[in-house]
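[1] I need the structure of the sequence given here:
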Amino acid sequence: MKKIAFFCIPAHGHTNPMLPVAAELVKRGNTVRFYSFNEFGEKIRATGAAFISCDAYLPELTEQEASGLKKVSTTEMAVQDLRITRSMDSFLDGEFQSFRPDVVYSDSACFWGKLNAWKHSVPLVVSTSTFAFNQMSSQYMKNSPGELADMVLGLPRVSRELKALAPYGYHVKNVFTLIASDNQTDTVVYTSRRFQPYVESFSDRYAFVGPSVFSKVEPNKEKDRPLVYISMGTVINDRPDFYKKCIEALKTQAVDVVISCGNAIDREALGALPDNIRVFPYVDQLDVLSRADAFITHCGMNSVSESLYMATPMVLYPQTNEQQAVARRAMEIGAGVMLADDSVDGIRSAVREILDNAAFGAAAKACSADFRACSGTAGAADFIEKAPHASDGVDVIRELNASNTRFQVLYWLAVILTVSLLRFLVGWKLSWVIAVAAGILSTPISKQQQRLKYASLIKSLKK
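    Predicted structure coming up:
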């Protein structure tokens, strides 16, 4: 039996998938300490794991910092994660010395879990509550200009926080080392190989175990009329305007509607409800989805996974770049439509498209079968117990990087030779135009070369 330390950030979407894994490991006789926050204490204790409260180490936030976290600012989340790591240093030093874990199981966004595993030389397994993102799969994320500006302008703040960690024994080159997936780190991903974008680019140190859920309920869609479920998750759910439009769109339809709106909204603010619509702060989402015929969702990975697990097609309404990636994949497998028009008519039209076309339900049902065939929480527990793992396969990302380096060298040598020749033949003005054009084109050409090389590598691996 092993001693296993769990670490997670204070977020439902990151914590919830870890809970069934903790319960499975405890059931097998392992000792699990779950370092989390009071909001999740009751759920954690229910798994049989020891709950260790970390609330005392949360920093006081300014109004601007709190607003950044609420808006899911990448910079603000990174800064606060690094500050929490620093404030927890002495506490976690004592914990690692007294508990002496055999394995650390840390959420991918929980920097203090990862960093302390490395600092104390304990095998690390990463819990990934979204897709695994590397340089290939991250192409599914399209950052808005605002998100790009947040990341670029926030780099100096993040760099200062990284430097402040060095005296505590945490040495990290850059924040991307902490965020990005790599082929040398043992990682559990709560989706199937079929649903993971660019799955071939990940090494065999990744365990794609499918959705991590407690429920054993099977989908049952038999009822008098369709059920539509609506939820915007637990983070960006203060959307009374959107819920009101959903109510207006569906009040005259021959459907039943359940809305889960969280505690951020005063139920009375939604006004008098039609007989076919019910609103709750929270529901048993898996239970509702097992009966639902359409789900209007913000496209958080957990929500989409649970929807597909219960064979429910979706109206996709992503709010962040990460959710955009999940929505794109759900559309690719035919299990959802994007809500491009969030007006009353647009919402009604999207719901009717899902309900009136059986192909969406069939695609969701096929994905449900795929998810249920995965190894699940038992597979995750096996993977954690056997850590660390070795990888004997080809590291596709390493091969791509080597190929890209060679390509860049040859590309710029060709550009330099061309510019030099043109300067000699026709003068410097035209040569500078060519140089600028080459610089502008280098990125798209490089990406196309990478895609071609990736396809070539995967084809050779499948022979």
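[2] Every contact and neighbour count from this point should use C-alpha atoms.
    Noted.
[3] How much space separates the closest residue to Phe111 other than its chain neighbours from Leu270?
    Leaving out its chain neighbours, the residue that sits closest to Phe111 by Cα to Cα, 6 or more residues apart in numbering is Asp81, at 5.9 Å. Separation of Asp81 from Leu270 (Cα to Cα, to the nearest Å) stands at 36 Å.
[4] These two: who's more crowded?
    Asp81 (19 against 15; other Cα atoms under 10 Å).
[5] Nearest residue to the middle of this protein?
    Closest residue to the average C-alpha location of the chain: Thr130 at 2.4 Å, with Cα atoms, centre = their mean.
[6] who's in contact with that residue?
    Thr130 sits next to 189-190, 301-302 when contact means Cα atoms under 8 Å, 6 or more residues apart in numbering.
[7] JSON lines for these, including neighbour count and pLDDT?
    Shown next, in JSON lines, are these (neighbours: other Cα atoms under 10 Å; pLDDT from 0 to 100):
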{"residue": "Val189", "neighbour count": "23", "pLDDT": "97"}
{"residue": "Tyr190", "neighbour count": "30", "pLDDT": "97"}
{"residue": "Met301", "neighbour count": "22", "pLDDT": "94"}
{"residue": "Asn302", "neighbour count": "23", "pLDDT": "92"}
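[8] And those, which is closest to Pro274?
    Ranked by distance to Pro274 (Cα to Cα), the contacts of Thr130 are led by Asn302 at 29.4 Å.
[9] Next up, the contacts around the closest one.
    Taking Cα under 8 Å, 6+ apart as the test, what Asn302 contacts is 13, 17, 129-130, 211.
[10] quick one, longest helix in the chain?
    helix 428-461 (DSSP state H).
[11] And that helix, what's buried?
    431, 434-435, 438, 446, 449-450, 453-454, 457 (16 or more other Cα atoms under 10 Å).
[12] which strands and helices sit next to it?
    helix 396-426 (3 or more Cα pairs under 8 Å, 6 or more residues apart in numbering; DSSP states H and E).
[13] Quick one: mean pLDDT over the helix it packs on.
    Mean per-residue pLDDT for helix 396-426: 83.
[14] go on, stretch 36-48?
    Rounded mean pLDDT across stretch 36-48 is 97.
[15] So for the helix or strand harbouring Leu92, mean pLDDT?
    Here Leu92, judged by DSSP states H and E, is contained in helix 74-99. In this model, helix 74-99 has a mean pLDDT of 91.
[16] what's the next secondary structure element after it?
    Immediately after helix 74-99, counting by DSSP H and E, sits strand 103-107.
[17] Could you work out the end-to-end span of stretch 180-199 for me?
    End-to-end distance of stretch 180-199 (Cα to Cα): 15 Å.
[18] and if you look at stretch 323-342?
    Using Cα to Cα, the end-to-end distance of stretch 323-342 comes out at 16 Å.
[19] if we can go back for a sec, from Met314, how far off is the residue nearest to the centre of the chain?
    On the measure of Cα to Cα, Thr130 and Met314 end up 18 Å apart.
[20] With Asn302 instead?
    The gap separating Asn302 from Met314 is 13 Å, by Cα to Cα.
[21] re earlier: out of the buried residues of helix 428-461, which comes closest to Leu286?
    The closest of the buried residues of helix 428-461 to Leu286 turns out to be Tyr454 (Cα to Cα; 37.3 Å).
[22] Am I right that the closest one is in contact with Leu400?
    Yes. Between Tyr454 and Leu400 there is a contact under Cα atoms under 8 Å: 6.9 Å.
[23] Lowest mean pLDDT among the helices and strands of this protein, which one is it?
    Within the chain, no helix or strand scores below helix 63-70, which has a mean of 63 by mean pLDDT, DSSP states H and E.
[24] if I look at the residue nearest to the centre of the chain, how far off is Tyr57?
    26 Å.
[25] got the angle between the longest helix of the chain and helix 396-426?
    For helix 428-461 against helix 396-426, the angle by axes from the mean of the first three to the mean of the last three Cα atoms, to 10 degrees is 150 degrees.
[26] any idea how far the residue nearest to Phe111 lies from Gly94?
    Applying Cα to Cα, the value for Asp81 to Gly94 is 20 Å.
[27] Likewise for Pro59?
    Using Cα to Cα, we find Pro59 at a distance of 20 Å from Gly94.
[28] And for Ser73?
    In terms of Cα to Cα, Ser73 sits 32 Å off from Gly94.
[29] Can you pick out the residue with more neighbours from the two?
    Counted by other Cα under 10 Å, Ser73 and Gly94 do not tie: Ser73 has more neighbours, with 19 against 11.
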